[in-house]
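K.L.:
give me a 3D structure for the following:
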Amino acid sequence: MLNRGTAIAAENSENVVNFRVVRKNNYPYIFIWVVYYAWVIVFTTWWTASPLLDRVYGVGIRNILHSVNLISSAVFVFVIKKEWYTWTAKIGSVFILVGMAGFLFFKNDFPVLSVSSAAITGIFLGCVNISILIPFVFVLNNTEKFYAVVGSNILINILSIIKDSTESSFVPGVSGALFSFVMLAAGLVAVLYFKEDSELFENNESVVMPSRVYMTLVINCVFAVLCKGIAKGMLNSAATTSSMPVMNIYYIGGLIGCILYFTVYKRTQKAIHLAWNITFGSITMGFLCFSFISHIEVLTAAFSIFIGIGSTIGMINMYYILGVIGKKYNSFRYVRLSILFIGICGGLAGVLLGNLIYEVDVFNLSVISSLISAGIMIVFLMMSPILTRTYYSDEWADDSQKIEIDNDHMSMFKKYSLSKRETEVCKLLLEGYTLRQISAIISIAYPTVNTYCTSLYRKLKINSRTELFVLFKDYPIKNKPH
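P.N.:
Here you go, the predicted structure:
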């Protein structure tokens with residue numbers, strides 16, 4: 001019992017949710033991600049805009065800020081180099097504050113200057129977005145990433161509830177626009193504490209990334225279109241036709257999603273896989289509920305809760321995965337493609353689809369919702385083998401539950417000249433899987449797995465799995481099958 005208790009304690013100490021490993025020198029990067037990112041989502045995006053009344057900037061200005069921000073981010077991610085992030089963050093912050101101050105000053109009397117100021121702000125929002133994304137990916141450890149994305153989403157949902165519940169302002173006697181500006185300035189103060197680290201980016205050697213990891217980009221894009229586009233259009237439609245506080249119920253669902261995400265990482269193995277299952281399961285249930293809300297109004301609340309849970313868990317997972325994979329493979333290319341897919345393919349396409357959905361009458365929306373629900377289930381059944389390989393058997397998925405990325409053991413296999421597939425089979429053998437289990441995990445025929453096993457044994461000059469364990473005794477075995 002003592003040994004088992006010690007083992008459990010050691011496992012818990014290495015779990016990504018262990019807050020004690022958050023480093024003080026990285027507080028500025030975490031703080032700006034929580035506060036600034038929450039400000040961007042709550043005050044400048046279509047995703048949190050109320051269809052009934054926007055009391056801070058108005059729908060027109062939001063559309064400008066959101067669209068320009070997405071396009072600007074997609075441009076700056078290909079312009080800014082990793083080692084520039086401290087200066088680009090500071091320069092971008094100055095322009096954002098000047099632009100927002102100009103908007104507040106000109107908005108009542110000089111509409112042209114007001115819109116121009118908003119556009120300038122949107123451009124440099126993209127600059128700062130990328131500048132804080134770089135340390136998020138390449139500086140923070142996994143635990144710091146985890147608390148940054150979970151913390152920002154908690155704040156987003158709390159602020160959104162307050163914004164949609166109050167009739168005039170967040171703080172009595174303070175206008176919503178002024179509160180927004182103060183929050184923005186407070187978040188951007190963190191850039192003053194960004195420090196240059198010349199040694200941090202000296203190693204530009206990328207670790208070989210399996211091509212199937214790029215499947216995560218497709219999943220992120222699908223999520224953005226479904227949740228931040230189609231589902232948001234349906235939420236807006238429900239909010240304008242239902243007597244229920246649809247948007248607030250949705251944000252309560254978001255807070256539930258944050259709690260669920262933390263619990264999944266605290267209590268389960270292969271948490272990323274489970275988190276996506278909860279995300280798309282919740283979305284599917286939400287769409288099914290929407291199919292019947294014209295007949296059973298109480299399902300409006302269920303729809304809002306499910307979409308809130310799915311949207312929030314998916315959003316957290318999307319950025320956390322981006323950070324883990326980017327650092328695991330030291331790949332700025334993956335980061336750039338992620339922003340392109342999320343911003344342009346997912347963000348803008350989602351907004352366009354969402355606005356189209358909002359214009360459709362409720363009866364037709366019910367039909368659309370039913371078709372989407374069925375489509376999601378069919379597609380994920382068809383794609384499950386690929387998704388299992390991407391989110392279950394890859395090393396980055398194992399690393400995502402640890403405090404820090406572990407690339408040290410990858411060099412163990414290089415000197416034996418194993419092929420990619422042989423290396424994959426070898427790792428799964430070391431994890432304790434049988435050949436038939438490996439066949440199912442990587443979706444290849446059992447005889448083919450047997451051939452790879454024979455080949456790698458020959459290259460390693462061994463004859464049994466016992467010898468394999470002895471040869472790779474230092475390989476970290478994390479998830480033995482039961």
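
K.L.:
can we go C-alpha only for contacts and neighbour counts from here?
P.N.:
Noted.

K.L.:
distance of Leu260 from Asn157?
P.N.:
According to C-alpha to C-alpha, to the nearest Å, Leu260 and Asn157 sit 14 Å apart.

K.L.:
could you report the neighbour count for Arg333?
P.N.:
By the criterion of other C-alpha atoms under 10 Å, Arg333 has 13 neighbours.

K.L.:
picking up where we left off before, who's more crowded, Leu260 and Asn157?
P.N.:
Asn157 (26 against 17).

K.L.:
ok, now which ones touch His66?
P.N.:
For His66, the contact set (C-alpha atoms under 8 Å, 6 or more residues apart in numbering) comprises Thr44, Thr45, Trp46, Gly122.

K.L.:
so which of those is the closest to Ala186?
P.N.:
Set against Ala186, the nearest of the contacts of His66 by C-alpha to C-alpha is Thr44 (16.5 Å).

K.L.:
got a list of what the closest one touches?
P.N.:
Here Thr44 is in contact with Arg62, Asn63, Leu65, His66 (C-alpha under 8 Å, 6+ apart).

K.L.:
domain assignment for this structure?
P.N.:
21-204, 206-405, 408-471 (automatic domain parsing).

K.L.:
tell me which of the ones you listed lies nearest to Glu14.
P.N.:
With C-alpha to C-alpha as the measure, domain 206-405 is the member of those nearest Glu14 (5.7 Å).

K.L.:
of the contacts of Thr44, which belong to helices?
P.N.:
Counting by DSSP state H, the contacts of Thr44 place Arg62, Asn63, Leu65, His66 in helices.

K.L.:
filter these down to the buried ones, ChimeraX style.
P.N.:
Typed into ChimeraX, the line below selects the buried ones among these, using 16 or more other C-alpha atoms under 10 Å:
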select :62,63,65,66
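
K.L.:
CA atoms of stretch 424-442 as CSV?
P.N.:
Output of stretch 424-442 as CSV, limited to C-alpha atoms (Å, rounded to 0.1, in the frame of the first residue of the first chain):
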residue,chain,number,x,y,z
GLU,A,424,5.7,3.6,-33.8
VAL,A,425,5.3,-0.2,-33.4
CYS,A,426,8.3,-0.3,-31.1
LYS,A,427,6.9,2.3,-28.8
LEU,A,428,3.6,0.6,-28.5
LEU,A,429,5.3,-2.7,-27.8
LEU,A,430,7.2,-0.9,-25.0
GLU,A,431,3.8,0.4,-23.7
GLY,A,432,2.7,-3.2,-23.3
TYR,A,433,0.3,-3.6,-26.2
THR,A,434,-0.2,-6.9,-28.0
LEU,A,435,0.3,-7.1,-31.8
ARG,A,436,-3.5,-7.2,-32.3
GLN,A,437,-4.0,-4.2,-30.1
ILE,A,438,-1.3,-2.3,-32.1
SER,A,439,-3.1,-3.4,-35.3
ALA,A,440,-6.3,-1.7,-34.1
ILE,A,441,-4.6,1.4,-32.7
ILE,A,442,-2.7,2.3,-35.9
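
K.L.:
so for that stretch, what gets flagged as buried?
P.N.:
424-433, 435, 437-439, 441-442.

K.L.:
chain neighbours aside, what residue packs nearest to Leu352?
P.N.:
Once flanking residues are discounted, Leu352 sits nearest to Gly229: 7.3 Å by C-alpha to C-alpha, 6 or more residues apart in numbering.

K.L.:
and what of Lys90?
P.N.:
Val191 (5.8 Å).

K.L.:
quick check: that neighbour touching Thr88?
P.N.:
No. Using C-alpha atoms under 8 Å, Val191 is not in contact with Thr88; the gap is 9.7 Å.

K.L.:
neighbour count for the two, which is higher?
P.N.:
With neighbours defined as other C-alpha under 10 Å, Val191 and Thr88 compare such that Val191 has more, 24 against 20.

K.L.:
so who does the more buried one touch?
P.N.:
Counted by C-alpha under 8 Å, 6+ apart, Val191 has contacts Pro28, Ile32, Thr86, Ala89, Lys90, Ser93.

K.L.:
tell me the pLDDT of the fifth one.
P.N.:
This points to Lys90. Predicted confidence (pLDDT) for Lys90: 95.

K.L.:
against Thr240, how distant is it?
P.N.:
Applying C-alpha to C-alpha to Lys90 and Thr240 gives a distance of 41 Å.

K.L.:
compare those two and say which one has the larger neighbour count.
P.N.:
Taking other C-alpha under 10 Å, Lys90 and Thr240 do not tie; Lys90 has more neighbours (21 against 15).

K.L.:
which strand or helix spans the more buried one?
P.N.:
helix 85-106 (DSSP states H and E).

K.L.:
contacts for that helix, please.
P.N.:
If you take C-alpha under 8 Å, 6+ apart as the criterion, helix 85-106 is touched by 80, 113-118, 120-122, 124-125, 127-128, 130-132, 134-135, 177, 181, 184-185, 188, 191-192, 194-196.

K.L.:
rerun at 7 Å
P.N.:
Contact with helix 85-106 is made by 113-114, 117-118, 120-121, 124-125, 127-128, 131-132, 134, 188, 191, 194-196, as judged by C-alpha atoms under 7 Å, 6 or more residues apart in numbering.

K.L.:
now the ones in helices among the contacts of Thr44 as a markdown table including distance to Lys327 and pLDDT?
P.N.:
Shown next, in a markdown table, are the ones in helices among the contacts of Thr44 (distance: C-alpha to C-alpha, whole Å; pLDDT from 0 to 100):
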| residue | distance to Lys327 | pLDDT |
| --- | --- | --- |
| Arg62 | 33 | 80 |
| Asn63 | 33 | 79 |
| Leu65 | 30 | 85 |
| His66 | 28 | 85 |
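
K.L.:
now flag whichever of the ones in helices among the contacts of Thr44 is closest to Met209.
P.N.:
Using C-alpha to C-alpha, those come closest to Met209 at His66, 32.3 Å.

K.L.:
now do the buried residues in the strand or helix carrying Thr121.
P.N.:
In the assignment (DSSP H and E), Thr121 maps to helix 111-138. Within helix 111-138, the residues that count as buried by 16+ other C-alpha under 10 Å are 114-138.
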